[in-house]
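>>> Okay, sequence plus prediction incoming.
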Amino acid sequence: MKTKPALRYERLTGSAIRNVFDELARLRIAVFRDFPYLYEGSVDYERTYLDTYARSERALLFAVCDGNRMVGATTALPLLDETDEVQQPFHDAGYDLSTVFYFGESILLPDYRGYGLGHRFFDEREAHARQFGDYALTCFCAVQRPTDHPQRPADYRPLEEFWQKRGYRQEPALKSTFHWPDIGETESTGKVMVYWVKALI
């Protein structure tokens, strides 16, 4: 593992997340431009998306800062506070939504990868969900792209093995379709998102 730079960590919950909307929006846009998301984002859309978290009293933002610059972040909130498109597959599959905690993004700028922060992100979110005593399951979703996608880099490293080591399993029956414009597109197109779940013990 590389020598970790001197970093500062910040935890925000609920409405306090609004204080860093613009920083978090810029970070999401920068990281999600890369494969596999290829996201052509806008700050206006990001503010709307992030407001879901700011309106949730139990939502968490764990941010990584280098000086005053946000270089990484991860989010989580109760599934009941998420949007209908995230809740629907769990509802259809018969899950008790009140017992599920949903994990949003885990994003890091490239220069800050390889320091174990991916594990730290899961540790922080799982501990946050566990403290309430109400949740039996944690989950997140990931975009599905074909292995022969023309914009897949030759050195791309999928994260499935890492997620499995963290105790998560893919549930192919749990799927949502999210819409965003890929880089170079002017209109949003549907992307299939598949969920991964883990019992919160």
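Nice, thanks for sending it over. Numbers count the residues shown, from 1 in each chain.

>>> which residues of this structure fall in helices?
21-32, 43-54, 84-92, 117-130, 160-165 (DSSP state H).

>>> So for the protein, the centremost residue is which one?
residue 105 (1.4 Å; Cα atoms, centre = their mean).

>>> Skip the chain neighbours and tell me the closest residue to it.
residue 75 (5.9 Å; Cβ to Cβ, 6 or more residues apart in numbering). Where C-beta positions appear, they are placed from N, C-alpha and C, glycine not excepted.

>>> quick one: contacts for that neighbour?
17, 53, 59-62, 103-105 (Cβ atoms under 8 Å, 6 or more residues apart in numbering).

>>> Name the nearest of the residues you listed relative to residue 38.
residue 105 (14.9 Å; Cβ to Cβ).

>>> My read is that the closest one contacts residue 74, right?
Yes - judged on Cβ atoms under 8 Å, residue 105 makes contact with residue 74 at a distance of 6.5 Å.

>>> As a markdown table, the helices of the chain with mean pLDDT would be great.
Formatted as a markdown table, those follow (pLDDT from 0 to 100):
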| stretch | mean pLDDT |
| --- | --- |
| helix 21-32 | 93 |
| helix 43-54 | 90 |
| helix 84-92 | 97 |
| helix 117-130 | 98 |
| helix 160-165 | 96 |
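
>>> Those helices into JSON lines, with extra columns for distance to residue 137 and mean neighbour count?
Formatted as JSON lines, those follow (distance: least, Cβ to Cβ, whole Å; neighbours: other Cβ atoms under 10 Å):
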{"stretch": "helix 21-32", "distance to residue 137": "25", "mean neighbour count": "19"}
{"stretch": "helix 43-54", "distance to residue 137": "19", "mean neighbour count": "16"}
{"stretch": "helix 84-92", "distance to residue 137": "9", "mean neighbour count": "16"}
{"stretch": "helix 117-130", "distance to residue 137": "9", "mean neighbour count": "18"}
{"stretch": "helix 160-165", "distance to residue 137": "15", "mean neighbour count": "12"}
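
>>> Looking at the ones you listed, which is nearest to residue 136?
Closest among those, using Cβ to Cβ: helix 117-130, at 9.8 Å.
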